[in-house]
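K.L.:
Okay, predicted coordinates and the sequence, questions at the end:
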Amino acid sequence: MAKEITQKLKLQIPAGKAAPAPPLGPALGQAGINIGEFTKQFNDATADRMGDIIPVVVNVYDDRSYEIIYKTPPASFLIKKALGIKSGSGRNKVKKVGKLTRAQAEEIAKVKMEDLSATDIDAAVKIIYGTARSMGVETE
C-alpha cells in the first residue's frame, strides 16, 4: 500500500544555511520531522548554491518519513542578483531601480524554466519581464 501524505510544507530556506532555529525548526517540529536530519540533508544537497534562496516542498507521510522536492530560486531573487540590487522599488511605477536586458531575462528564464508554466523561452521571458516590472525594474 502506498504511503499517504499527511502534510505538505512549502518553505524558502537559504542554501546551505538551514538551522533548527525559528522559523524552520517549529514548522518541521509540528510536522513530526527530525529537524537535525532534515537540516543536514538540506545543507548537503544545497551546499553548491550558497547565497541563493531555495524553495522546497516537503511531503510528510503518515509514517513520519518525508520527501524534499527542491525548486529553483524565486524569479525576483534572480533578477536582484543579476542586476546587483538589494531590493525592488517600493513604488514600481514612479521609482525605477534598474534595467533588465533581454539576455539577462533569457538567462533567468532558462534557470526557472522547469518551474514556470511556459512552453517556450519567449513565454518564459515574458513571465520574467512581468516580475521585473512589478519590482520597479525597466525591461527591454
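P.N.:
Thanks, I have it. Residues are numbered from 1 along each chain as shown.
K.L.:
Can I take it that residue 7 is in a helix?
P.N.:
No: assignment of residue 7 by DSSP: H, G, I helix; E, B strand; the rest coil gives strand, placing it outside any helix.
K.L.:
Distance check, the closest residue in space to it that isn't next to it in sequence against residue 128.
P.N.:
Once its chain neighbours are removed from consideration, residue 7 has its nearest residue in residue 60; the separation is 4.2 Å (CB to CB, 6 or more residues apart in numbering). Where you see a C-beta, it was placed from the backbone N, CA and C, and this is true even at glycine. The spacing between residue 60 and residue 128, counted by CB to CB, to the nearest Å, is 32 Å.
K.L.:
Check residue 109 too.
P.N.:
Distance of residue 109 to residue 128, computed by CB to CB: 5 Å.
K.L.:
repeat for residue 78
P.N.:
As defined by CB to CB, residue 78 lies at a distance of 8 Å from residue 128.
K.L.:
same check, this time on residue 13
P.N.:
Between residue 13 and residue 128 the distance is 23 Å, computed by CB to CB.
K.L.:
Equivalent analysis for residue 70, please.
P.N.:
20 Å.
K.L.:
of the two, who's got more company?
P.N.:
Counted by other CB atoms under 10 Å, residue 70 and residue 128 do not tie: residue 128 has more neighbours, with 26 against 13.
K.L.:
for the more buried one, helix, strand, or coil?
P.N.:
helix.
K.L.:
quick one: it and residue 103 touch, right?
P.N.:
No: if you go by CB atoms under 8 Å, residue 128 and residue 103 don't touch, sitting 11.8 Å apart.
K.L.:
In space, what's closest to residue 108 - neighbours in sequence excluded?
P.N.:
Going by CB to CB, 6+ apart, residue 108 has residue 78 as its nearest residue, at 4.6 Å.
K.L.:
rewinding a little: which neighbours do residue 78 and residue 128 share?
P.N.:
Contact criterion CB atoms under 8 Å, 6 or more residues apart in numbering; residues bridging residue 78 and residue 128 by contacting each: 108, 112.
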